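J.: Have a look; sequence and predicted model below, questions after that.
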Amino acid sequence: MASSKGLHLAGQTAIVTGSSSGIGAGTARELASAGADVVINFHDSERDAEAVVVDIEAMGRRSFKIAADVSSEPDVIAMFDEAETRLGPIDIVVSNAGMQKDAPIAKMGLDDWNAVIGINLTGAFLVGREAVRRFRGKGPREDVSPALGKLVFVSSVHQTVPWAFHANYAASKGGIDMLMRSIAQEVAAEKIRVNSVAPGAIATAINADERENDRDAMLELIPYGRIGEPTDVGRAVAWMVSDAADYLNGQTIFLDGGMTLYPGFKGNG
């Protein structure tokens with residue numbers, strides 16, 4: 001697969017939350033491939049985070065790992081503090097950390113609801129708010145980018161596609177959509193670009209069992225005929241935060257092989 005080397009993020013520093021594995025790791029590697037230094041955030045999987053750091057350093061970029069719970073305000077602030085101390089001003093923030101706790105609605109416990117909303121939506125708020133604060137604090141660096149800062153939220157096709165038995169997850173992603181657009185509207189005049197990427201079925205640990213046991217059923221939902229890879233998302237994000245996408249603001253790119261085309265309705269439904 002092609003990499004993001006044709007894009008130019010040299011001299012910029014990025015934070016990617018939840019980047020020890022999956023979409024976050026793929027995104028971090030693609031940002032580094034395009035020239036950025038990258039902070040790797042993890043919650044539990046320190047060994048995986050270190051492996052991503054090693055890969056990025058092998059590209060000649062600076063990187064380090066930091067543990068932080070994105071649903072914790074003190075953790076998020078401390079993560080940004082350490083990133084600025086070690087790597088300098090922050091130019092790019094990708095709010096990716098997320099989780100699922102699935103259950104039928106009648107059996108979904110409040111703890112499961114709060115856990116998913118806390119990481120997926122409150123975490124996005126805390127990371128996005130801190131990103132805006134830090135972008136403002138560092139001031140413009142027009143020799144690096146015409147944008148004061150670039151903020152990307154990783155959402156999901158389920159910000160628009162209902163998902164029975166996953167109400168907490170779908171609600172969190174629907175919330176991210178309006179959070180992103182509201183922030184974008186608020187800060188665009190400051191040259192802060194805010195966008196989202198909404199992946200469909202991507203090959204990560206979270207759906208490993210489904211891919212192994214029910215792959216054909218998954219593929220029926222994807223007109224393009226393949227399951228996505230984390231690098232698919234990473235390359236899209238690298239473009240979104242590059243100057244090649246400088247006019248992109250307040251938008252969601254659905255990276256889903258056509259899943260949001262509702263293929264079940266092909267042939268007149």
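T.: Yes, it's here. Given the structure is predicted, the values throughout are model-derived calculations rather than measurements.

J.: any chance you could map the helices in the stretch 101-250 of the chain?
T.: Using DSSP state H, counting those that start in this stretch, the helices of the stretch 101-250 of the chain run over 110-117, 123-138, 167-187, 208-213, 215-219, 230-240.

J.: D48 - how many residues pack around it?
T.: By other CB atoms under 10 Å, 18 other residues sit near D48. Every residue, glycine included, has its C-beta placed from N, CA and C.

J.: that older thread, the helices of the stretch 101-250 of the chain: lowest mean pLDDT?
T.: For these, mean pLDDT drops lowest on helix 208-213, to a mean of 64.

J.: for the residue lying closest to H8 once chain neighbours are set aside, helix, strand, or coil?
T.: Nearest residue to H8, sequence neighbours excluded (CB to CB, 6 or more residues apart in numbering): G35, at 6.1 Å. The three-state label given to G35 by DSSP: H, G, I helix; E, B strand; the rest coil is coil.

J.: Can you add mean neighbour count and distance to V157 and give the helices of the stretch 101-250 of the chain back as a markdown table?
T.: Output for these, formatted as a markdown table (neighbours: other CB atoms under 10 Å; distance: least, CB to CB, whole Å):
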| stretch | mean neighbour count | distance to V157 |
| --- | --- | --- |
| helix 110-117 | 15 | 17 |
| helix 123-138 | 20 | 17 |
| helix 167-187 | 19 | 8 |
| helix 208-213 | 10 | 15 |
| helix 215-219 | 12 | 13 |
| helix 230-240 | 24 | 12 |
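
J.: Present those helices as a markdown table; the columns should include distance to R29.
T.: Putting these into a markdown table (distance: least, CB to CB, whole Å) gives the following:
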| stretch | distance to R29 |
| --- | --- |
| helix 110-117 | 26 |
| helix 123-138 | 20 |
| helix 167-187 | 23 |
| helix 208-213 | 20 |
| helix 215-219 | 24 |
| helix 230-240 | 6 |
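
J.: follow-up on the earlier one: contacts only, for the residue nearest to H8.
T.: Counting by CB atoms under 8 Å, 6 or more residues apart in numbering, G35 makes contact with L7, H8, L9, A10, G11, Q12, R61.

J.: The last one and I40 touch, don't they?
T.: No: in this structure, R61 sits apart from I40 without contact. The criterion is CB atoms under 8 Å, and the distance is 11.3 Å.

J.: The two: who's more crowded?
T.: Set side by side, R61 and I40 show more neighbours around I40, with 29 against 24, by other CB under 10 Å.

J.: can you tell me the helix or strand for the more buried one?
T.: Secondary structure from DSSP states H and E places I40 in strand 37-42.

J.: who touches that strand?
T.: With CB under 8 Å, 6+ apart, strand 37-42 has contacts from 12-20, 24-25, 28, 31-32, 48-49, 52-53, 56, 61-68, 70, 79, 83, 87, 97.

J.: change it to 7 Å
T.: Strand 37-42 has contacts (CB atoms under 7 Å, 6 or more residues apart in numbering) with 13-20, 28, 31-32, 48-49, 52-53, 56, 61-68, 79, 83, 87, 97.

J.: again, but for stretch 129-139
T.: Counting by CB under 7 Å, 6+ apart, V76, I77, F80, E84, P89, I90, V93, L148, G149, L151, V187, I192 sit against stretch 129-139.

J.: A103: which of the helices of the stretch 101-250 of the chain is closest?
T.: Closest of those to A103 is helix 110-117, at 6.0 Å (criterion: CB to CB).

J.: so what does that closest one touch, helix or strand wise?
T.: Judged by 3 or more CB pairs under 7 Å, 6 or more residues apart in numbering; DSSP states H and E, helix 110-117 is in contact with helix 167-187.

J.: now the helix or strand containing A28: how far from the chain's centre is it?
T.: In the assignment (DSSP H and E), A28 maps to helix 22-33. With CA atoms, centre = their mean, to the nearest Å as the basis, helix 22-33 stands 10 Å off its chain's centre.
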